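Peer 1: Fold the following and give me the result.
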Amino acid sequence: MNRLTDTIKHLIIINIIFFVAVKLLGNNLYNYLALWFPKNENFQVWQIFTHMFMHHPTFYLHIIMNMLGLWMFGTPLEQMWGRKKFLFFYFSAGLGAVLLPWLIDYYQFNEAFHNLLQSGIPKAEINNLIHTKLELNKVYKDENLATLYSIINSSSVGASGCIMGLVAAFGINFPNAKMALIFLPVPIAAKYFIPVLLVYETLSGIFGWSSIFGINVAHFAHLGGAIVGASMAWYWKKNQFKRYY
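Peer 2: Now for the predicted structure:
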């Protein structure tokens, strides 16, 4: 069994502290620390990092699975890379999990906004409508408004993007290690597991599939973390970076 390294232990502790704090203090703290779309009035720059330690306050399996993944895949990587390099990698994967969904959301937001302008709805009225769900549902019933409302009023939480980066890096550095899908507990070599996982996340993001647990998941955030993680791990492995402490 992998020994729990200091960095992994501290990351797990921070995640638990955030989880308990939100449970105790409620929606105000959640809105303050979760990541919002930049056009939402709740958005703050620090949320880019704080949301990486947030989890759904009523879905305990969310934080349990992420912390299990952090321990399983993070431990051998930290032992191989050292603390500083591991932390740089961890937060880089987390940033990848932010940037890819934002790029997609901005494209969809601007496209829907443009379509509404072309239909003759004034800009000021569009801005009012996307913040008013009652008007959205009962007056216009327009899918472009539904897109705007969904993007601007959705938040994201969780270390999942960081963990997906670790999973991808683990697969690149330990390609023959056996891994198992939760819903298909048959050991699969990491070099096969990772591509299957990336394809699943891509298709889930495109078609809007929920997770195997029946909840909505930010699949493109997972994919963004995995892409950044895989790219960094492949480059480091190829160039044999030295270990830093």
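
Peer 1: Looks to me like Gly74 is in a strand.
Peer 2: No: per DSSP: H, G, I helix; E, B strand; the rest coil, Gly74 lies outside any strand segment and is helix.

Peer 1: quick one: contacts for it?
Peer 2: Thr5, Thr7, Ile8, Leu11, Phe86, Tyr90, Leu166 (C-beta atoms under 8 Å, 6 or more residues apart in numbering). Every residue, glycine included, has its C-beta placed from N, CA and C.

Peer 1: and the fifth one, how many neighbours does it have?
Peer 2: It refers to Phe86. For Phe86, the count of nearby residues is 24 (other C-beta atoms under 10 Å).

Peer 1: tell me which element the residue nearest to it when sequence neighbours are not counted falls in.
Peer 2: Spatially, and ignoring its direct neighbours in sequence, Phe86 is nearest to Glu78 (4.1 Å; C-beta to C-beta, 6 or more residues apart in numbering). Glu78 belongs to helix 60-81 when elements are defined using DSSP states H and E.

Peer 1: Just after that helix, pick out the following helix or strand.
Peer 2: That would be, after helix 60-81 and using DSSP H and E, helix 83-118.

Peer 1: and the angle for that next one with helix 60-81?
Peer 2: Per axes from the mean of the first three to the mean of the last three C-alpha atoms, to 10 degrees, the angle that helix 83-118 makes with helix 60-81 is 130 degrees.

Peer 1: Go through helix 83-118 and flag the buried ones.
Peer 2: 83, 85-86, 89-90, 92-102, 105, 109, 112-113, 115-116 (16 or more other C-beta atoms under 10 Å).

Peer 1: And stretch 63-71, by the same measure?
Peer 2: For stretch 63-71, the neighbour count (16+ other C-beta under 10 Å) marks Ile63, Met65, Asn66, Met67, Gly69, Leu70, Trp71 as buried.

Peer 1: just how off-centre is that stretch within its chain?
Peer 2: Distance of stretch 63-71 from its chain centroid, counting by C-alpha atoms, centre = their mean, to the nearest Å, is 14 Å.

Peer 1: Could I get the phi/psi values of the nearest residue in space to Asn66 that is not next to it in sequence?
Peer 2: Leaving aside its sequence neighbours, Asn66 sits nearest to Ala159 (C-beta to C-beta, 6+ apart; 4.7 Å). For Ala159, the backbone dihedrals (degrees, to the nearest 10) come out as phi -90, psi 10.

Peer 1: do Ser156 as well
Peer 2: Dihedral angles (degrees, to the nearest 10) for Ser156: phi -130, psi 140.

Peer 1: Enumerate every residue touching it.
Peer 2: Residues near Ser156 by C-beta under 8 Å, 6+ apart: Ala34, Leu35, His51, Pro101, Ala218, Ala221.

Peer 1: Low-confidence bits of this structure, can you list those?
Peer 2: Within the chain, the segments meeting pLDDT under 70 span 1-2, 131-141, 179-186, 201-202, 204-218, 240-245.

Peer 1: Touching, Phe91 and Phe49? I think so.
Peer 2: Yes: taking C-beta atoms under 8 Å as the definition, Phe91 is a contact partner of Phe49 at 7.2 Å.

Peer 1: SS state for Leu120?
Peer 2: I think there's a mix-up here, since residue 120 is Gly and not Leu. Per three-state DSSP, Gly120 ends up coil.
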